[in-house]
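1. Here's my sequence, what's the structure:
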Amino acid sequence: MAARTIKSVTQIGGLLGELVEIDLASMDGVARSIRIKVRVDYQKPLRRGITLELKEKGHVWVDFKYKRLPSFCYLCGTLGHMRWECDLTEGTTGWMNYRSKNSLLVNG
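-> Numbering: from 1, shown residues only. Presented below is the predicted three-dimensional model:
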């Protein structure tokens, strides 16, 4: 899969923030995920994922998973509170609609 190249992983990491490290062992081709370490601005909403445009599969949504976060709201994407404590309500224009505006063409 073209999305599993160092170049494409570096591009994706750059969209999230400052790429610190790529876990090369996670890129062995067997695992369904790639582990990277990125320094992010915690005052901005975190991305849920990104749409990749792959030649062989078309548009594919890729989820991001974050580790070692304090309370994190999956509705608005910010740190400091949980989804059930969020001022946004489902269906409003917030972080949930962020995914459709951000896609990345991956050529390999």
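
2. CA only for contacts and neighbour counts going forward, please
-> Will do.

3. which residues of this protein score low on pLDDT?
-> With pLDDT under 70 as the threshold, the chain has low-confidence stretches at 1-4, 29-31, 89-108.

4. Which stretches in it count as helices?
-> 6-16 (DSSP state H).

5. which residues of it fall in strands?
-> Shown for the chain, the strands assigned by DSSP state E span residues 18-22, 36-39, 49-54, 58-63, 103-106.

6. what sits up against the fourth one?
-> If I follow you right, that is strand 58-63. Taking Cα atoms under 8 Å, 6 or more residues apart in numbering as the criterion, the residues outside strand 58-63 that touch it are 48-54.

7. just the angle between that strand and strand 49-54, please?
-> 150 degrees (axes from the mean of the first three to the mean of the last three Cα atoms, to 10 degrees).

8. Just among the contacts of strand 58-63, which is most surrounded?
-> Taking other Cα atoms under 10 Å as the neighbour criterion, I50 ranks highest of those with 22 neighbours.

9. what's the spacing between it and L15?
-> 9 Å (Cα to Cα, to the nearest Å).

10. for I6, same thing?
-> 14 Å.

11. repeat for P70
-> In this structure, P70 lies at 22 Å from L15, with Cα to Cα as the measure.

12. out of these two, which sits in the busier spot?
-> Higher neighbour count among P70 and L15: L15, with 16 against 10, using other Cα under 10 Å.

13. mind checking how far H59 is from I34?
-> The gap separating H59 from I34 is 19 Å, by Cα to Cα.

14. make that Y74, sorry
-> From Y74 across to I34, the span is 21 Å (Cα to Cα).
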